[in-house]
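Colleague: can you look at this prediction? I've put the sequence above it.
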Amino acid sequence: MSFARLWESLLPIGRNEQTGGYRRFSWTPADTECRAWFCAAAAERELAVTPDNNGNLWAWWDPPAMTGAQQPEVSVQQPAPSGGPPPVAGASATRLPRSGAIVTGSHLDSVPNGGAFDGPLGVVSGFAAIDLLRARGCVPVRPIAVAAFCEEEGARFGVACLGSRLLTGVVTADAARALRDGDGVTLADAMAAAGRDPAQLGPDEDLLASLGAFVELHIEQGRALAQPLGAAIGIAQGIWPHGRWRFDFAGHADHAGTARLSDRRDPMLPFAATVLAARECADRLGTLATFGKIAAEPGGVNAVSSSVRAWLDARAPDQDGLTRTVTQIRSAAREAADAHGVELTVAAESASPAVGFDPGLRARVAAVLTAAGIDAPVLPTGAGHDAGVLAARVPTAMLFVRNPTGISHAPAEHADAADCELGVIALAAVLEDLACQ
């Protein structure tokens, strides 16, 4: 099967040899390498690559009736020489009129020091599934595409699923262009440095109208398939509502060796109390709450901080649980800030409602897998995905591949080779049913 070869060719890109984790951030050299890899994989399969205006990549396998005997050429471009902006992979490909397209894929970017499977598994499996269909002699009657969405993790610019949110109009182009990374670089400047025009950001209604269904394959971010379900492949029922909130604690800078404890306005103290309150609240309500990123100023070991900025990630089985979780955490933070003479500001940075995947498509996927002899239980997930964003506009389904430990967003993230290959078989069966019948 072509999966193993494709997988090995992608693994080195953006990998830290010391930790084994990945730093594939949008509009960086690692991102350019990932885009070149995507275009090379598409070119090897004679798929036409078209980037959209938001940095998402699409590799098209068009029916013979659309292309004649020959597929359009794919321009695979190499990274620019040192000092010049990296080119846009596949920029010279021409999009053909399409309708009812069946799309699979995921994303290639990572969280800081992330695992190898989250995102790339779905992209590699998409190409491998096309190889399997061709080996079987399947000929599509509607277009099939493999997509790689941009900035899914939000690791550089802070908004998860940014590429799909821009595509669907959930995030405005003006708001996106103004986003800044940790170094103060705007998304607009980062795109321009990568040879893309940020003025073109925004929804693409023609592209959305051409999509008949989107099926994303992803490693399970949890271990329900391993235990208690005991299955290698799962089907997503839906995605929990979730969001990100920024907590700004503003105190007063001072000397750690001379400032009396009673005189301090230390923002680290109410922040610490808020972290503990978040854990207790989530445990009590059956939800999830995590402070995973903080920035303390001025950041001196021998100084009392003047400010602490922290980001809360909260998720729940339903909207009421999410609202109660965030409300109670905010209340606890306010009480702790007041007790220490610290000012508090809380701002919502992103919010995603509960997503229920298309029940008709989900039932069809389940029937296809059952006919193929694949046991695939249905389960919910607390992780956000591009599929969850597209679900508001396109019939969408998700397949999960078993994760033995349940660890994700870390180097220990893993899926066994046999399960990955079964995932390709399952995805190929679904694509064949949707696009080749």
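Modeller: Good, I have the coordinates. Residues are numbered from 1 along each chain as shown.
Colleague: so what's the closest residue to Ala410 other than its chain neighbours up against?
Modeller: Of all residues not flanking Ala410 in the chain, Gly115 sits nearest, at 5.7 Å (CB to CB, 6 or more residues apart in numbering). The way it works is simple: take the backbone N, C-alpha and C, and place the C-beta from them, glycine included. Applying CB atoms under 8 Å, 6 or more residues apart in numbering, one finds that Gly115 lies in contact with 21-22, 407-414.
Colleague: got the domain ranges for the protein?
Modeller: 3-240+354-435, 242-352 (automatic domain parsing).
Colleague: ok so, going back, any idea of the pLDDT on the residue nearest to Ala410?
Modeller: In this prediction, Gly115 carries a pLDDT score of 97.
Colleague: ok, it to Leu322 distance?
Modeller: From Gly115 over to Leu322 the distance is 26 Å, taken as CB to CB, to the nearest Å.
Colleague: contacting residues for Gly321?
Modeller: With contacts defined as CB under 8 Å, 6+ apart, Gly321 is in contact with 285-287.
Colleague: what is the nearest of the residues you listed to Val141?
Modeller: Distance to Val141, by CB to CB, is smallest for Thr287 among those, at 44.8 Å.
Colleague: Pro411: neighbour count?
Modeller: Here the count is done by other CB atoms under 10 Å, and Pro411 has 16 residues near it.
Colleague: tell me the secondary structure at it.
Modeller: coil (DSSP: H, G, I helix; E, B strand; the rest coil).
Colleague: now it: how far from Gln18?
Modeller: In this structure, Pro411 and Gln18 are 10 Å apart, going by CB to CB.
Colleague: same question for Asn56.
Modeller: Asn56 sits 31 Å away from Gln18, going by CB to CB.
Colleague: with neighbour numbers in mind, choose between the two.
Modeller: More crowded of Asn56 and Gln18, by other CB under 10 Å: Asn56, with 24 against 7.
Colleague: can you list the weak-confidence ranges in the chain?
Modeller: In the predicted model, the chain carries pLDDT under 70 at residues 1, 67-97.
Colleague: apply 50 and report the result again.
Modeller: Judged by pLDDT under 50, the chain has its weakly predicted residues at 69-95.
Colleague: hey, where'd the helices end up in it?
Modeller: In the chain, the segments counted as helices under DSSP state H are 3-10, 29-44, 64-67, 120-135, 162-168, 173-177, 187-193, 205-209, 268-285, 319-339, 359-371, 386-390, 417-435.
Colleague: how many other residues sit next to the closest residue to Arg180 other than its chain neighbours?
Modeller: Spatial nearest neighbour of Arg180, chain neighbours left out: Thr186 (5.4 Å); criterion: CB to CB, 6+ apart. Neighbours of Thr186 under the rule other CB under 10 Å: 16.
Colleague: and what of Glu17?
Modeller: 6.
Colleague: ok, Asn54 next?
Modeller: 27.
Colleague: distance of the closest residue to it other than its chain neighbours from Gly55?
Modeller: Counting by CB to CB, 6+ apart, Leu166 is the residue found nearest to Asn54 once chain neighbours are left out, at 4.1 Å. Taking CB to CB as the measure, Leu166 falls 8 Å from Gly55.
Colleague: what touches both of these two?
Modeller: Taking CB under 8 Å, 6+ apart as the contact rule, Leu166 and Gly55 touch no residue in common.
Colleague: fine, thanks again, bye for now.
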